[in-house]
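Undergrad: Sequence first, then the predicted structure, then my questions.
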Amino acid sequence: MDSVKLSQEQLEFQEYARRWLDENRPPPAPVRIPITALEVMTEPQRDYLRDWQSKCYHAGLVGADIDKKYGGGGHTGFQRLADTEMSRAGTPYMLNIIGLRMAIPTILVHGTEEQKLKFVAPALSADEIWCQGFSEPGAGSDLANQQTFAEPRGDEWVLNGHKVWTSLGHFAKWMILITRTSRDHKYDGLTYFISPIEDYPGVSVRPLIKMTGETGFNEILFQDVVVPDNYRLDDVGKGWTVAMTTLTYERGAAEGAGGGGGDEIPPIDQLIELARKSDRGGRPASEDSLIRDRIIQQAITDKAMRQNRRRARVSALCDHPMRIPLQGKLRDSEFMQTNARLGVDIAGASSTLYKLDPNAPDAGHWPLAYMNSYGQTIAAGTSEIQRNILGERVLGLAKSK
Ligand SMILES: Cc1cc2nc3c(=O)[nH]c(=O)nc-3n(C[C@H](O)[C@H](O)[C@H](O)COP(=O)(O)OP(=O)(O)OC[C@H]3O[C@@H](n4cnc5c(N)ncnc54)[C@H](O)[C@@H]3O)c2cc1C
């Protein structure tokens, strides 16, 4: 990002964002804040993060590139700068991540004027939290196998079905979801909706517990849920096209989202610090040549990934729009796994001390990060699916069976 030439206006905004974050750093959270927004499970966690997002929004650091009439800042190329500054400052992440990165851009591309005016601003400020209802028990990698059925009734739709792995569903006011409106066509039988979730008749939200002991995602049942036709996004039968827009933003292949997409790659410094304070046979682990070698390998990969991301800004290298973002999603998520694994190895036996143990290194971060990292290589499409898409659509290899 630094190598890209910024306009005077962008430079001033960058300076403003840096100063604002410096002067408005939030107080320490009164409760433990999970590693990502996908594991936020208690009301105090939610309230702390919601307040922070709201503050950032009102300071112009969220929704900076979105049209003013929908509640944004109306700028161009500001959001990426704000996100970078937030990462640099190490301030908390944005809570309403699905609203910012998926619902808002999808609504801006496919929504009616009425929908844009109603939904965008409260999502930017985190007044209204969003969740994503794509996955079902039989529709994950095979996303088009949706079975949640939407039946027309006058100018309403009646929804019945079962969504699963719905992150933030327990706090969500709204869900973006794919439904089936025809059993005759797999892809053309899909239609995309917005559905109310919180306290809405017929909607049941049931938390699912992860191996970390955290919840964060849910299964959500729809039993005769009535949704007005003006909550439909785009045409009946166009659900697959709309879903592809959501996935393009979710996988980071397009700009124009509401923000919150900062640098999520954990800094290598954390590993170095851990190695310095961990014991290896009476000496700091940072003096162990094998540990040093593994940290250096991580540092090299980290540098290479950051350089690769910059290539996304060179149009000649982006003959396919998904080339760099899909590589990024794949490599970042696998990197987080090797990073957390290395942290666990460096901490050694102390890694068995978990988050409530006062002797756990870094307050139990490493085992938690390691377990969480498996979700990263699954969410937004598994690594196998990312490799299939890169192979088939980007490199033009033969389709897998
Ligand atoms: C932390 C987390 C948060 C999530 N949040 C949400 C959310 O908010 N909303 C939502 O809708 N979903 C969410 N998901 C669900 C996620 O999108 C799905 O888990 C994912 O798409 C995989 O689907 P599945 O779990 O049904 O696995 P399956 O599709 O059943 O896959 C099982 C295994 O088979 C492999 N596989 C399947 N098909 C192929 C193929 N063609 N080629 C090669 N390998 C294949 C997969 O890679 C995987 O290893 C979340 C998941 C996680 C882990």
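TA: Nice, I can see it. Everything quoted here is computed from the prediction, not taken from an experiment. Numbering: from 1, shown residues only.

Undergrad: What residues does the closest residue to the ligand within the stretch 1-150 of the chain make contact with?
TA: Residue nearest to the ligand within the stretch 1-150 of the chain: Gly140 (1.9 Å; CB to the nearest ligand atom). C-beta: built from backbone N, CA, C; applies to glycine. The neighbours of Gly140, taking CB atoms under 8 Å, 6 or more residues apart in numbering as the test, are Trp165.

Undergrad: now it: how far from Ala379?
TA: 10 Å (CB to CB, to the nearest Å).

Undergrad: Tell me the residues of the protein that contact the ligand?
TA: 38, 131-135, 140-141, 165-167, 217, 375, 378-379, 381-382, 384-385, 388, 400 (CB under 6 Å from any ligand atom).

Undergrad: re earlier: where do the contact lists of Gly140 and Ala379 overlap?
TA: Joint contacts of Gly140 and Ala379 (CB under 8 Å, 6+ apart) are Trp165.

Undergrad: the helices in the stretch 301-401 of the chain, which residues?
TA: With helices called from DSSP state H, counting those that start in this stretch, the stretch 301-401 of the chain shows them at 323-347, 365-376, 383-389.

Undergrad: Who are the packing partners of the longest one?
TA: Using 3 or more CB pairs under 8 Å, 6 or more residues apart in numbering; DSSP states H and E as the contact criterion, the neighbours of helix 323-347 among helices and strands are helix 268-277, helix 289-311, helix 365-376, helix 383-389.

Undergrad: Now the shortest one: buried residues?
TA: In other words, helix 383-389. By neighbour count on 16 or more other CB atoms under 10 Å, the buried set for helix 383-389 is 383, 385-386, 388-389.

Undergrad: farthest-separated two in the residues you listed?
TA: The most widely separated members of those, counting by CB to CB, are Ser383 and Ile389 (10.8 Å).

Undergrad: Leu233: what's it in contact with?
TA: Counted by CB under 8 Å, 6+ apart, Leu233 has contacts 106-107, 110-111, 115, 176, 192-194, 242.

Undergrad: ditto for Leu117
TA: Leu117 touches 69-70, counting by CB under 8 Å, 6+ apart.

Undergrad: which SSE is it in?
TA: Taking DSSP states H and E as the definition, Leu117 sits inside helix 113-124.

Undergrad: Poorly predicted segments of the stretch 201-350 of the chain, please.
TA: Across the stretch 201-350 of the chain, residues meeting the criterion (pLDDT under 70) sit at 253-256, 260-264.

Undergrad: How about it: which residue is closest to the ligand?
TA: Closest point on the stretch 201-350 of the chain to the ligand, by CB to the nearest ligand atom, is Phe217, at 5.3 Å.

Undergrad: Please parse this protein into its domains.
TA: Listed by automatic domain parsing, the domain ranges of the chain are 8-124, 130-250, 268-394.

Undergrad: so how far is the longest one from its chain's centroid?
TA: It stands for domain 268-394. 17 Å (CA atoms, centre = their mean, to the nearest Å).

Undergrad: on that earlier part again, got a quick ChimeraX command for the buried subset of the contacts of Leu233?
TA: Here is the ChimeraX command that selects the buried residues among the contacts of Leu233 (16+ other CB under 10 Å):
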select :106,107,110,111,115,176,192,193,194,242
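
Undergrad: In helices only, show me the contacts of Leu233.
TA: If you go by DSSP state H, the contacts of Leu233 have 106-107, 110, 115, 242 in helices.

Undergrad: any chance you could read off phi and psi for Glu136?
TA: phi -130, psi 170 (degrees, to the nearest 10).

Undergrad: Repeat that for Arg206.
TA: Taking degrees, to the nearest 10 as the convention, Arg206 sits at phi -120, psi 120.

Undergrad: what's the most distant pair in the ones in helices among the contacts of Leu233?
TA: Most distant of these, by CB to CB, are Gln115 and Val242, 12.1 Å apart.

Undergrad: can I assume Thr179 sits in a helix?
TA: No - the assignment for Thr179 by DSSP: H, G, I helix; E, B strand; the rest coil gives strand, which leaves it out of any helix.

Undergrad: From what I see, it and Thr148 are in contact.
TA: Yes - between Thr179 and Thr148 a contact is recorded at 4.9 Å, counting by CB atoms under 8 Å.

Undergrad: In terms of neighbours, single out the busier of the two.
TA: Thr179 (26 against 23; other CB atoms under 10 Å).

Undergrad: ok, the residue lying farthest from the centre of the chain to Ile104 distance?
TA: Farthest-out residue of the chain from its mean C-alpha position, per CA atoms, centre = their mean: Gly282, at 41.1 Å. Counting by CB to CB, the separation of Gly282 from Ile104 is 54 Å.

Undergrad: How many neighbouring residues does Leu95 have?
TA: 26.

Undergrad: An error on my part: the question was meant for His58.
TA: Residues near His58, counting by other CB under 10 Å, number 11.
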